[in-house]
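Novice: need a 3D model of the sequence below.
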Amino acid sequence: MKKILITVGVLAVAGAAIAGALYVAFPVQMTTYGGMGLNFLKSLSAPTGTLTLESNPAYKAPVAAAPSPPLADAAWPNAAAGDWPSYNRTPSSQRYSPLGEINTKNVGNLKVQCTYDLDIFTAFESGLIMVNNALIGTTEFDIFSINPATCTENWRTRLSYPGGLLPANRGAAYMDGMLFRGTQDGRVLAFDFKTGKQAWETTIADPKRGESVPSAPIAWDGLVYVGNAGGDYKGGKGKVYALDGKTGKIVWQFFLVPKTDGDIVRGPEGKSPLDTKTWNNAQGIPISGGGTWTSYTLDIKNGLLYVPGGNPAPDFASGAREGDNLFTDSVVVLDAKTGDYKNNFKVVKKDWHDWDVSSPPILHQTMGGKQLMSVAPKDGHLYGYELPTNKLLYRVPVTTIENAEGAFAVGQDVHFCPGPVGGTEWNTPGFDPTTNLIITGTVDWCDTVTIKTDERMRKVDVGQPWTGMATLNPINMFGKEDRTDGHWAGWIYASDADTGVWKWRVKSNYPVVAAITPTAGGIVFFADLGGNFYALDSSTGQKLWGGPLGTGGGIGGGVITYTVDGVQKVAVADGFTMVAWPTKPRRARVVVLGLDSAAAKK
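Specialist: Residues are numbered from 1 along each chain as shown. Got it, this is the predicted structure:
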């Protein structure tokens, strides 16, 4: 027995040594595949999806400012009525579709009509677009075009470059016969819409500082708007760029955190009031953060670009960066033509939880006649700002909030909700102008953090993850997220746009990170990380259709609706596999749903 125990001990030590050596040599691969293995084990006993509906007896219906139809959402110039031509469909990011062939009476007959299997495991977060009779999507290393009715591949272009620990890409933009996307190694690429052939590339970020370009660009009037992520890495700084759509030349750039000695300036800078006064960093702690990693919103009428900015870094150790840390956790408003600063909304006042202002804000007019900017960051709240005055009208919770003010300390475990992967992530809420409801999808998942000393944070190399979490386990770099504390769920909140008061809310037993899409058919489509896809009555929250979409893997990407030859379809980016989320590892695929001709007549 003693020999057996010695042998087992030797094997365990040898195995740990080999694993450690492999991690040092191949950190991305070991973390990715090791995490996938752990997620597979965690998901073996995953329950079936369930929804619980609750209505608010205190809700009062809004009073319309005038007995007139809802104000039409401004569309992209020359966009076809039945297309979905950008990440959030329109420049204002409302995500509302005017299509109503699929409605509350016939959605129960919705069926999968075709699928496109990408045959890879990836964090499939792509915000799908449909334009000019082609459905476009991206992965970390792919951009592809398929038939939006049959899922037949038109073309697929595979890219080759080193991967990253956060292997996401959130989609492409279209303009004038070209497609545009970012890469993990800091470039923006342009492709011919019909062939997928690459036309140009422009570097806008430094991968040596942990910077990447996972955002879905938007494009307007000859310019492509995109920025870089990397705010969780030491030395990484968020910048916003406008590129010439034909050549890739940088027209302007804007620093979202203060520029300091050694920062690369790649193009003309927009005018900015930003300096280092709001940071007050400890010695040896470089200004870092402010990455943009989802997409943007555009006010075409006034030529204003609305940019959501990410967290300051080190994420959890705010004592090393005292001050407001502008312009992190803010929506920054820029002149779309020049990049000059116009305004900013400091949404998360002080951040030591990694609560990015993540998704693009919504610009809309309420039923009460207010002009609002609505935004839902990772802090688990929905905010409504009155645009003429910049006044905050409401800040209301849309997921579980616990110990949000608890201070972090070296050597002390602090538990709080939502965690860094809680609240609203990369997909914008949807606004339904016919009901005056903002429909928000959120994550109910908490975290436990213990921070490092300033001395240990100084020793981290530039370009390495820099959250301030005291751990040797790379899977826990954003804290210890545990499903055993009763928080592993998701919410759909339907909140009045004028007051923020919720009318109905639905709790899913899986987090909701996929896109939210309300339609003129009285439906809101959404999906969860249990692989379930649902259609709810947008006025009441009542479930009309839904269940597992097929693979059983998580759904974390785009949910869009469009028409092909006058027939309405729904497309879903299915198969979300990522080390940070304990979902079933499944291959990525696009699923297209619709009605048969008889059901469509109902």
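
Novice: could you measure from Pro291 over to Phe416?
Specialist: One thing to correct before we go on: residue 291 is Gly, not Pro. With the distance defined as C-beta to C-beta, to the nearest Å, Gly291 ends up 22 Å from Phe416. C-beta here means a position set from N, CA and C on the backbone, and glycine is covered the same way.

Novice: who has more neighbours, these two?
Specialist: Neighbour count, other C-beta atoms under 10 Å: between Gly291 and Phe416, Gly291 has more, with 32 against 21.

Novice: sec struct for the more buried one, please.
Specialist: The local conformation at Gly291, judged by DSSP: H, G, I helix; E, B strand; the rest coil, is coil.

Novice: now it: phi and psi?
Specialist: Torsion angles at Gly291 (phi, psi; degrees, to the nearest 10) stand at phi -70, psi 150.

Novice: now it: closest residue in space, sequence neighbours ignored.
Specialist: Leaving aside its chain neighbours, Gly291 sits nearest to Gly231 (3.3 Å; criterion: C-beta to C-beta, 6 or more residues apart in numbering).

Novice: what segments of the stretch 351-500 of the chain are strands?
Specialist: All strands of the stretch 351-500 of the chain, identified by DSSP state E, counting those that start in this stretch, fall at 362-365, 371-375, 381-386, 391-397, 414-416, 430-432, 437-445, 447-449, 488-496.

Novice: which one of these is the most hemmed in?
Specialist: strand 437-445 (a mean of 28; mean count of other C-beta atoms under 10 Å).

Novice: just checking, what packs against it?
Specialist: strand 430-432, strand 488-496 (3 or more C-beta pairs under 8 Å, 6 or more residues apart in numbering; DSSP states H and E).

Novice: switch these over to CSV; also include distance to Asp275 and mean pLDDT.
Specialist: Listed next are these as CSV, based on distance: least, C-beta to C-beta, whole Å; pLDDT from 0 to 100:
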stretch, distance to Asp275, mean pLDDT
strand 430-432, 36, 98
strand 488-496, 37, 97
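
Novice: nearest to Lys350 among those would be which one?
Specialist: Closest approach to Lys350 among the helices and strands packed on strand 437-445 (C-beta to C-beta): strand 488-496, 24.4 Å.

Novice: other residues contacting that closest one?
Specialist: Residues outside strand 488-496 that contact it (C-beta atoms under 8 Å, 6 or more residues apart in numbering) are 59, 62, 382, 396, 398-399, 435-445, 501-513, 516, 524, 526, 528-529, 536, 538, 541.

Novice: quick one: mean pLDDT over the helix or strand following that strand.
Specialist: As assigned by DSSP states H and E, the chain's next helix or strand after strand 488-496 is strand 502-508. Averaged over strand 502-508, pLDDT sits at 98.

Novice: the helices and strands packed on strand 437-445 into TSV, with extra columns for distance to Asp192?
Specialist: Formatted as TSV, these follow (distance: least, C-beta to C-beta, whole Å):
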stretch	distance to Asp192
strand 430-432	32
strand 488-496	39
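
Novice: and of those strands, who's closest to Pro308?
Specialist: strand 430-432 (16.1 Å).

Novice: quick one, what contacts the residue nearest the centre of the chain?
Specialist: Closest residue to the average C-alpha location of the chain: Trp426 at 1.1 Å, with C-alpha atoms, centre = their mean. Residues in contact with Trp426 (C-beta under 8 Å, 6+ apart) are 125, 168, 170, 293-294, 358-359, 513.

Novice: confidence-wise, which of the residues you listed comes last?
Specialist: Comparing pLDDT over those, the lowest score belongs to Ala168 (90).

Novice: hang on, it packs against Pro214?
Specialist: Yes - counting by C-beta atoms under 8 Å, Pro214 is a contact partner of Ala168 at 4.6 Å.

Novice: who touches both of the two?
Specialist: Shared contacts of Ala168 and Pro214 (C-beta under 8 Å, 6+ apart): Trp293.

Novice: re the thing from before, distance to Ala470 added to the strands of the stretch 351-500 of the chain, as CSV?
Specialist: Formatted as CSV, the strands of the stretch 351-500 of the chain follow (distance: least, C-beta to C-beta, whole Å):
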stretch, distance to Ala470
strand 362-365, 38
strand 371-375, 32
strand 381-386, 28
strand 391-397, 29
strand 414-416, 12
strand 430-432, 39
strand 437-445, 21
strand 447-449, 8
strand 488-496, 24
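
Novice: burial count for Pro433?
Specialist: For Pro433, the count of nearby residues is 21 (other C-beta under 10 Å).

Novice: what's the spacing between it and Ala72?
Specialist: Distance from Pro433 to Ala72, by C-beta to C-beta: 9 Å.

Novice: next one: Gly319
Specialist: Applying C-beta to C-beta, the value for Gly319 to Ala72 is 49 Å.

Novice: compare these two (neighbour count), which wins?
Specialist: Gly319 (17 against 10).

Novice: for that one, grab phi and psi.
Specialist: For Gly319, the backbone dihedrals (degrees, to the nearest 10) come out as phi -70, psi -20.

Novice: could you list which residues are in contact with it?
Specialist: By C-beta under 8 Å, 6+ apart, the contact set of Gly319 is 282, 454.

Novice: stretch 321-330: end-to-end distance?
Specialist: Stretch 321-330 has an end-to-end distance of 17 Å (C-alpha to C-alpha, to the nearest Å).

Novice: surely Trp581 meets Pro420?
Specialist: No - at 11.9 Å, Trp581 does not count as touching Pro420 under the criterion of C-beta under 8 Å.

Novice: neighbour count: these two, which is higher?
Specialist: Taking other C-beta under 10 Å, Trp581 and Pro420 do not tie; Pro420 has more neighbours (25 against 20).

Novice: would you mind measuring from the more buried one to Tyr534?
Specialist: With distances taken as C-beta to C-beta, Pro420 is found 26 Å from Tyr534.

Novice: pull the residues that contact stretch 454-473.
Specialist: Residues contacting stretch 454-473 (C-beta under 8 Å, 6+ apart): 165, 207-210, 232-236, 282, 284-286, 288, 313-317, 319-320, 354, 410-411, 449-452, 474, 476-480.

Novice: what's the span of that stretch, first residue to last?
Specialist: 19 Å.

Novice: and that stretch, what's buried?
Specialist: Residues of stretch 454-473 classed as buried by neighbour count (16 or more other C-beta atoms under 10 Å): 454, 457, 460, 462-463, 465-470.

Novice: relative to Leu118, which of those is nearest.
Specialist: Of all these, Pro465 has the smallest distance to Leu118: 27.6 Å, by C-beta to C-beta.

Novice: my read: Thr115 touches Ala588, true?
Specialist: No - using C-beta under 8 Å, Thr115 is not in contact with Ala588, being 10.8 Å away.

Novice: more neighbours, those two?
Specialist: Ranked by neighbour count (other C-beta under 10 Å), Thr115 and Ala588 place Ala588 first, with 26 against 16.

Novice: tell me the contacts of the more buried one?
Specialist: Contacts of Ala588 by C-beta under 8 Å, 6+ apart are 117-118, 120-122, 124, 139, 573-577.

Novice: still on that earlier bit, of the contacts of stretch 454-473, buried ones?
Specialist: For the contacts of stretch 454-473, a neighbour count by 16+ other C-beta under 10 Å gives the buried set as 165, 207, 209-210, 232-236, 285-286, 288, 313-317, 319-320, 354, 449-452, 474, 476-480.

Novice: where do the helices sit along the protein?
Specialist: For the chain, the helices defined by DSSP state H cover 2-25, 27-42, 454-458, 597-600.

Novice: check the offset of the third one from the chain's centre.
Specialist: When you say that, I think you mean helix 454-458. 30 Å (C-alpha atoms, centre = their mean, to the nearest Å).

Novice: what about the stretch 251-400 of the chain, any weak spots by pLDDT?
Specialist: Nowhere does the stretch 251-400 of the chain drop to pLDDT under 70.

Novice: ignore what I typed, I meant the stretch 51-200 of the chain.
Specialist: Flagging of the stretch 51-200 of the chain using pLDDT under 70 yields the residue ranges 66-70.

Novice: same question, the stretch 501-602 of the chain
Specialist: 598-602.

Novice: kindly recompute the last result at 50.
Specialist: Of all residues in the stretch 501-602 of the chain, none has pLDDT under 50.
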